[in-house]
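**Student:** kindly return the folded structure for what I paste below:
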Amino acid sequence: MPIEQASSIVQRLWNYCHVLRDDGVSYGDYVEQLTYLIFLKMADEQVKYLNRPRIIPEGLDWPSLLALDGDELETQYRHILEGLAKQGGMLGVIFRKSQNKIQDPAKLKRLIELIGSETWSGMDIDLKGEIYEGLLQKNAEDVKSGAGQYFTPRPLIKAIVECVRPEPGQTICDPACGTGGFFLAAHDYIAHHYQLDKEQKRFLKCNTFKGWEIVDATARLCVMNLYLHGIGDMESPIVVGDSLMADPGERFDLVLTNPPFGKKSSITVVNGEGKADRESITYERQDFWATTSNKQLNFLQHVKTLLKINGRAAIVVPDNVLFEGGAGETVRRRLLAECDVHTLLRLPTGIFYAQGVKANVLFFDRKPARERPWTERLWIYDLRTNKHFTLKTNPLRYEDLQDFIKCYHPENRYDREETERFKAFTYEDLMQRDKLSLDITWLKDESLEDTENLPDPDTIAAEIVENLQAALEQFAAVYEELEGGK
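**Tutor:** Have a look, this model is predicted:
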């Protein structure tokens, strides 16, 4: 069974990570070193067994490591990382700013032997993908690494993709792509729901996906993840950089994204006295409806820009995007008028690795200009009230989202029916709400009514933490705003 084989390899590789922990190698650093070495090994196998052209210069390749140990091994490994960082395309993204974090040559040698014991190129593509995703998941679960913020829960991604149903020949963008979860799920959906001809397969591999990721290390993991899943050729589909800086000019059929949480866009500036000041970034863009330092409102505006006319989007947004006044109200008003904002999924707490997040998924279609507003009714599905999830004891599963997918009615979303958790609100209803708030609830919170059947203490504690951290986020944002105004 491939999945079992994958989990045993993941376990074997992961167990070795604990050996390196004593040397101060974090989970994130470890996954990064695995990435370099697995890539080198696979590139070598493809030349040897599959007669593919050599993509790694001789002397900087896998065989150049095998006969060495001690200081010579460490020197050669460093030489490889420095050399490949200067290459273009996918190589350049994977090895960009790469460093050897394994100081003990004997342990580096052992890691090379571990990776050398598998024939990666002969493995089923799903198996390779499973192994790497398994490592990323384990890295995300380590709270201290902070990698969880780049890892959207896979069941949620799968459900979103089931709703939007990507098709062969469509272009798909994620302007904050993390480790590539949306791309993998969309690729999987298209590959399994359609009989693709040769041209469509080529398009799916090389032309469907385009992403941006601001963090070097995360972009590296993303490109490797895509490569192991058979996505992309030697040109990287991922751009390393701040996608909000400018309109890239390209337009896409689908934008699927979970932009980073955290209220502000900011950079650290060191002043003349050597003190670090955080300066809010305000993006001055002609295509934006409002100028704001609220990162999520900027991403929402950016996503609208990236869509072709009649292009479709699904974006994860925190609650503040639904109710914030000022720029928030301006953005909501324009979005409802210029796009068909048709569905909002209120997500439960306790499902993200970044704590303190109350979030939603907003689904909308970009439309051509016209006088009359495009949004006729917004359907809201409440998966938050009376739902209790925790990362460890009760994680969100794909099954938990089945009812939402059914209500979304992907076959024909104009043929929907209201249920207890799924309600429609007309454009007129929304216009009458204070600040045009889309933060709408109607279900009774049973925990306020029924003190006999409270969730278990772990869940209650986790929810208290979520609420406190969400409040802290908002206080921090207000404080930054006040500091910035001085």
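
**Student:** quick one, what contacts the residue nearest in space to the middle of the chain?
**Tutor:** With distances taken as CA atoms, centre = their mean, the chain has Gly178 as the residue nearest its mean C-alpha position (3.9 Å). Shown in contact with Gly178 (CB atoms under 8 Å, 6 or more residues apart in numbering): Tyr150, Phe151, Thr152, Glu213, Thr218, Cys222, Asn258. The C-beta positions use only the backbone N, C-alpha and C, and glycine is treated the same way.

**Student:** show me where the stretch 101-250 of the chain has its helices.
**Tutor:** 105-116, 125-141, 154-164, 181-193, 198-206, 216-228 (DSSP state H, counting those that start in this stretch).

**Student:** which one of those helices is the most hemmed in?
**Tutor:** Each of these was scored by mean neighbour count; the highest is helix 216-228, a mean of 24, by mean count of other CB atoms under 10 Å.

**Student:** that helix - contacts with which helices or strands?
**Tutor:** helix 27-50, helix 89-95, helix 125-141, helix 181-193, strand 209-213, strand 238-240 (3 or more CB pairs under 8 Å, 6 or more residues apart in numbering; DSSP states H and E).

**Student:** hmm, who's touching that helix?
**Tutor:** 28, 31-32, 35, 38-39, 90, 93-98, 125, 128-129, 131-133, 136, 147, 150, 177-180, 183-184, 209, 211, 213, 232, 236-238, 240.

**Student:** Val93 and Gly241 touch, don't they?
**Tutor:** No: using CB atoms under 8 Å as the test, Val93 is too far from Gly241 to be in contact (11.1 Å).

**Student:** compare those two (neighbour count), which wins?
**Tutor:** Val93 (24 against 13; other CB atoms under 10 Å).

**Student:** show me the contacts for that one.
**Tutor:** Residues near Val93 by CB under 8 Å, 6+ apart: Ala219, Arg220, Val223, Ser236, Ile238, Val240.

**Student:** max pairwise distance over these: which two?
**Tutor:** Arg220 and Ser236 (10.1 Å; CB to CB).

**Student:** for this structure, what's the longest strand?
**Tutor:** strand 307-318 (DSSP state E).

**Student:** does Tyr16 count as helix, strand or coil?
**Tutor:** Recorded secondary structure, Tyr16: helix (DSSP: H, G, I helix; E, B strand; the rest coil).

**Student:** which non-adjacent residue is nearest it?
**Tutor:** Leaving aside its chain neighbours, Tyr16 sits nearest to Leu114 (6.0 Å; criterion: CB to CB, 6 or more residues apart in numbering).

**Student:** now do the same contact list for the residue lying closest to Arg312 once chain neighbours are set aside.
**Tutor:** Leaving aside its sequence neighbours, Arg312 sits nearest to Asp365 (CB to CB, 6+ apart; 4.9 Å). Contacts here follow CB under 8 Å, 6+ apart; on that basis Asp365 touches Leu307, Asn310, Gly311, Arg312, Ala313, Cys339, Asp340, His342, Trp374.

**Student:** now do the SS call for Asp365.
**Tutor:** Following three-state DSSP, the label given to Asp365 is strand.

**Student:** would you list the contacts of Gly178 in CSV and tack on distance to Ile405?
**Tutor:** Formatted as CSV, these follow (distance: CB to CB, whole Å):
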residue, distance to Ile405
Tyr150, 25
Phe151, 22
Thr152, 17
Glu213, 28
Thr218, 29
Cys222, 26
Asn258, 18
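
**Student:** most surrounded residue in these?
**Tutor:** Most crowded among the contacts of Gly178, counting by other CB under 10 Å, is Cys222 at 29 neighbours.

**Student:** name the nearest residue to that one, sequence neighbours excluded.
**Tutor:** Leaving out its chain neighbours, Cys222 is closest to Gly180 (CB to CB, 6+ apart), at 4.2 Å.

**Student:** phi, psi for that neighbour please.
**Tutor:** phi 90, psi 20 (degrees, to the nearest 10).

**Student:** mind listing what it touches?
**Tutor:** Applying CB under 8 Å, 6+ apart, we find Gly180 in contact with Asp174, Gly211, Leu221, Cys222, Val223, Asn225, Leu226, Ile238.

**Student:** can you pull the contacts of Ala185?
**Tutor:** For Ala185, the contacting residues are Arg154, Ile157, Lys158, Ile160, Val161, by CB under 8 Å, 6+ apart.

**Student:** ok, 6 Å please
**Tutor:** Applying CB atoms under 6 Å, 6 or more residues apart in numbering to Ala185 gives the contacts Ile157, Lys158, Val161.

**Student:** swap in Arg397?
**Tutor:** Counting by CB under 6 Å, 6+ apart, Arg397 touches Pro155.

**Student:** let me know the pLDDT of it.
**Tutor:** In this model, Arg397 is scored at 93, pLDDT.

**Student:** what's the separation between it and Ala140?
**Tutor:** Between Arg397 and Ala140 the computed distance is 16 Å (CB to CB, to the nearest Å).

**Student:** try Glu213
**Tutor:** Distance of Glu213 to Ala140, computed by CB to CB: 15 Å.

**Student:** do the same with Ser26
**Tutor:** 13 Å.

**Student:** with His187 instead?
**Tutor:** Noted for His187: a distance of 20 Å to Ala140, by CB to CB.

**Student:** in JSON lines, list the helices and strands packed on helix 216-228 along with distance to Arg370.
**Tutor:** Shown next, in JSON lines, are these (distance: least, CB to CB, whole Å):
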{"stretch": "helix 27-50", "distance to Arg370": "48"}
{"stretch": "helix 89-95", "distance to Arg370": "41"}
{"stretch": "helix 125-141", "distance to Arg370": "43"}
{"stretch": "helix 181-193", "distance to Arg370": "30"}
{"stretch": "strand 209-213", "distance to Arg370": "29"}
{"stretch": "strand 238-240", "distance to Arg370": "33"}
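
**Student:** please parse the chain into its domains.
**Tutor:** Per automatic domain parsing, the structural domains of the chain span 2-133, 135-478.

**Student:** number of nearby residues for the spatially closest residue to Arg413 that is not a sequence neighbour?
**Tutor:** In space, and not counting its chain neighbours, Arg413 is closest to His342: 6.5 Å by CB to CB, 6+ apart. As a burial measure, His342 scores 21 neighbours (other CB under 10 Å).

**Student:** over to His342. Which of the three states is it?
**Tutor:** At His342 the chain is in strand, as set by three-state DSSP.

**Student:** report pLDDT for the residue nearest to Arg312.
**Tutor:** If you check Asp365, the pLDDT there is 98.
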